[in-house]
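Asker: Next comes the sequence, and after it the predicted model I'd like to discuss.
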Amino acid sequence: AQSVTQLDSQVPVFEEAPVELRCNYSSSVSVYLFWYVQYPNQGLQLLLKYLSGSTLVKGINGFEAEFNKSQTSFHLRKPSVHISDTAEYFCAVSPSGAGSYQLTFGKGTKLSVIP
Amino acid sequence: DAGITQSPRHKVTETGTPVTLRCHQTENHRYMYWYRQDPGHGLRLIHYSYGVKDTDKGEVSDGYSVSRSKTEDFLLTLESATSSQTSVYFCAISESLGLAGLRGGSSTDTQYFGPGTRLTVL
């Protein structure tokens, strides 16, 4: 079984400042990793994903994340946030082998960008 | 955007009544999923489907049933709604990855989500 821990439930940050949203996972098998964003009253939208290869993954809207296998982390970063980045962010993990239907989500981090 | 629609988008019902939520996709993806989202819990998987008439339980399946008679439609039914089932319900779809899919394997790639259904059980 897999589990995901998002270490911060809420993160306030000033506009144009950098931000890091932390995600740690637990799994006994190799995994795929995802970050999703949910804007108010909307569904989830994929920001980026790690399947294999380079551990630094770039996504939409200027976000990037780095997979660290030894620390079992997949932290999300953006060098300069905008008001429009205010949303809830979810980290998710899926086993990478056969039978890996299921995504396990963290509880989410609410990012509030302060003007 | 993936072609996923959910209906209804909002529903208010009373305890003990049956409720059916519909997810419709136009992507011809093999896998479909139902999640519920509750504050402080993130998204939790209710049921999923890996083909027509092939379904299985997720983490929080008690009180829910599903059916998939066509590739494009995945129905979630609450046989007798309870207040604890007040939630936002999301449908998601995904397709198999390359060779794994051709061999009948089950590796999954990105899941794409519908807009959600807000269900209130009074």
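Answerer: Looks like it arrived, so ask away. Numbering: from 1, shown residues only, chains lettered A, B, ... in the order given.

Asker: burial count for A:G106?
Answerer: 25 (other CB atoms under 10 Å in any protein chain shown). Just so you know, the C-beta spots here come from the backbone N, C-alpha and C atoms, and that holds for glycine as well.

Asker: And the pLDDT for it?
Answerer: At A:G106, the predicted lDDT confidence score is 95.

Asker: Give me the below-cutoff pLDDT ranges for chain A.
Answerer: By pLDDT under 70, the low-scoring segments of chain A are A:97-101.

Asker: what are the ranges of the strands in it?
Answerer: A:3-6, A:10-14, A:19-21, A:23-26, A:31-38, A:44-50, A:56-58, A:64-68, A:73-78, A:87-95, A:104-105, A:109-114 (DSSP state E).

Asker: Okay, now the sheet partners of the last one, with direction.
Answerer: When pairs are called by DSSP bridges, strand A:109-114 turns out to pair with strand A:10-14 (parallel), strand A:87-95 (antiparallel).

Asker: Return the residues in contact with residue 84.
Answerer: Since no chain was named, I'll use chain A. Contacts for A:S84 (CB atoms under 8 Å, 6 or more residues apart in numbering or on different chains) come out as A:V113.

Asker: Chain B is the one I meant
Answerer: Residues in contact with B:S84, defined by CB under 8 Å, 6+ apart, are B:V121.

Asker: one step back: of all the strands of chain A, which one comes closest to B:S80?
Answerer: For the strands of chain A, proximity to B:S80 was assessed by CB to CB; strand A:104-105 is nearest, at 27.2 Å.

Asker: Tell me which strands the closest one pairs with, and in which orientation.
Answerer: Applying DSSP bridges, one finds strand A:104-105 paired with strand A:87-95 (antiparallel).

Asker: relative orientation of the partner strand and strand A:31-38 in degrees?
Answerer: Interaxial angle of strand A:87-95 relative to strand A:31-38 (axes from the mean of the first three to the mean of the last three CA atoms, to 10 degrees): 160 degrees.

Asker: Just want the angle from strand A:87-95 to strand A:73-78.
Answerer: Taking the same axes, to 10 degrees, one finds strand A:87-95 and strand A:73-78 inclined to each other by 150 degrees.

Asker: now strand A:87-95, how far from the chain's geometric center?
Answerer: 5 Å (CA atoms, centre = their mean, to the nearest Å).

Asker: Equivalent analysis for stretch A:70-87, please.
Answerer: Offset of stretch A:70-87 from its chain centre (CA atoms, centre = their mean): 7 Å.

Asker: and chain A, which residues reach chain B?
Answerer: Taking CB under 8 Å from any CB of the partner chain as the contact definition, chain A meets chain B at A:9, A:32, A:34, A:36, A:42-46, A:49, A:51, A:90, A:92, A:94, A:96-103, A:105-108.

Asker: Generate a PyMOL selection restricted to the buried entries among these.
Answerer: Applying 16 or more other CB atoms under 10 Å in any protein chain shown to the residues of chain A next to chain B, the buried members can be selected in PyMOL as follows:
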select buried, chain A and resi 32+34+36+43+44+46+49+51+90+92+94+96+100+101+102+103+105+106+107+108
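
Asker: May I have the residues that are in contact with the closest residue to A:Q42 other than its chain neighbours?
Answerer: Once flanking residues are discounted, A:Q42 sits nearest to B:P115: 6.8 Å by CB to CB, 6 or more residues apart in numbering or on different chains. Contacts for B:P115 (CB under 8 Å, 6+ apart) come out as A:Q42, A:G43, B:I4, B:T5, B:Q6, B:R9.

Asker: okay but A:G106 is in contact with B:R44, surely?
Answerer: No. Using CB atoms under 8 Å, A:G106 is not in contact with B:R44, being 11.4 Å away.

Asker: The spatially most central residue of chain A and chain B: what is the separation?
Answerer: Per CA atoms, centre = their mean, the C-alpha nearest to the average position across chain A is that of A:W35, at 3.3 Å. Per CB to the nearest CB, to the nearest Å, A:W35 is found 11 Å from chain B.
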